[in-house]
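Q: With the sequence up front, the predicted model follows.
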Amino acid sequence: MKNILFITNAVSMNWKVLDFACFIAGAAHSSLKGIFVEVATVSKTYILESDDEPPCGDILGGSDIMGFETRQGRKDTNIQRFKEYCEKKNIPCSTLCVEGEPMKAVLVESRFADLIIAGAATSAEENRNQFPAEFMKRLLQKAECPLIIAPDHLNDIDEIIFAYDGSASSVFATRQFAQLMPFFEDKKIFVVQVGNASGIKYKRQISDLLRGYYSQIGYKVIDGSDPSYELFEFLRHRDNCMVVMGAYGRAYFSRLFKNSTADPLILLLKVPIFITHC
């Protein structure tokens, strides 16, 4: 893996998601391209500065003084801080700004990338660190490389959970993750299958595949007539893991992005989710 995209709100960068992206890029010896997105529906010229401090120490200076600044000024500051943080982490980096209707440009970039990392927050841009729900829904549906949705608050990753149903897409996701991220080879692995089944489908075959990459492998079948709900409930109570899903998981999570004033359900998840698009 050599080319990772980090997609962020241009005027409100999520530092914890950037830190996670740098961790993945560093472990993979990959470059990181920052895609700074401005959405056409937002017309404000000035924004209220945040008192959030980047996790970068003195290299980026002190926190900003509260007040008003231009959107362009905030974007320029975020791009500069992105570059400095990547330099601090010894991550080769580049940047691209996309404005107006950014989805087309983002999808073209995804065609030539190994992985996208984006934050999970999905409300209107007036809420800092968050994308409009429609942007993230379309990204889930149309991105042309695997995608990691990262939560706002990240814990250490102790185990990898493969959401598995025996389908080609779930096996493809398993293989993609294992090949793109060999640095997780020492983690505990759980293959979780949800639904009315007596056991893991094609257990011999999936076991043979996983043993080529991992040494600590467990299996769990969760009974339930609604696989989406049962899987969500299972994941909601786990903190120190990463979840791997195929195309069926992508469709499920896209339904979690609600166009309402309430927090989307996806914000309840506290773990990174790796989703493939095959």
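A: Looks like it arrived, so ask away.
Q: residue ranges of the strands in the chain, please?
A: 3-9, 31-37, 46-48, 68-70, 93-98, 115-119, 147-150, 159-163, 188-194, 217-222, 241-245, 273-275 (DSSP state E).
Q: Mind jotting down where the helices sit in the stretch 151-278 of the chain?
A: 168-180, 203-211, 227-236, 247-254 (DSSP state H, counting those that start in this stretch).
Q: Ok, which of those helices comes nearest residue 30?
A: Proximity to residue 30 (C-beta to C-beta) singles out helix 168-180 among the helices of the stretch 151-278 of the chain, at 9.5 Å. No exception for glycine: its C-beta is placed from N, CA and C like everyone else's.
Q: Next, the angle from that closest one to helix 203-211.
A: With axes from the mean of the first three to the mean of the last three C-alpha atoms, to 10 degrees as the basis, helix 168-180 and helix 203-211 are set at 20 degrees to each other.
Q: The strands of the chain into TSV, with extra columns for mean neighbour count, distance to residue 176 and mean pLDDT?
A: Output for the strands of the chain, formatted as TSV (neighbours: other C-beta atoms under 10 Å; distance: least, C-beta to C-beta, whole Å; pLDDT from 0 to 100):
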stretch	mean neighbour count	distance to residue 176	mean pLDDT
strand 3-9	24	14	95
strand 31-37	22	19	96
strand 46-48	14	38	50
strand 68-70	13	41	67
strand 93-98	16	24	96
strand 115-119	26	9	94
strand 147-150	24	11	91
strand 159-163	24	11	95
strand 188-194	21	15	93
strand 217-222	14	18	93
strand 241-245	25	8	93
strand 273-275	25	8	92
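Q: If you average pLDDT over each of the helices of the stretch 151-278 of the chain, which is lowest?
A: Lowest mean pLDDT within the helices of the stretch 151-278 of the chain: helix 247-254, at a mean of 60.
Q: just to revisit the earlier point, can you list the helices of the stretch 151-278 of the chain in TSV and add distance to residue 218 and mean neighbour count?
A: Converted to TSV, those look like this (distance: least, C-beta to C-beta, whole Å; neighbours: other C-beta atoms under 10 Å):
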stretch	distance to residue 218	mean neighbour count
helix 168-180	14	19
helix 203-211	10	14
helix 227-236	14	16
helix 247-254	19	19
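Q: Adding distance to residue 36, write these out as JSON lines.
A: Converted to JSON lines, these look like this (distance: least, C-beta to C-beta, whole Å):
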{"stretch": "helix 168-180", "distance to residue 36": "24"}
{"stretch": "helix 203-211", "distance to residue 36": "37"}
{"stretch": "helix 227-236", "distance to residue 36": "30"}
{"stretch": "helix 247-254", "distance to residue 36": "24"}
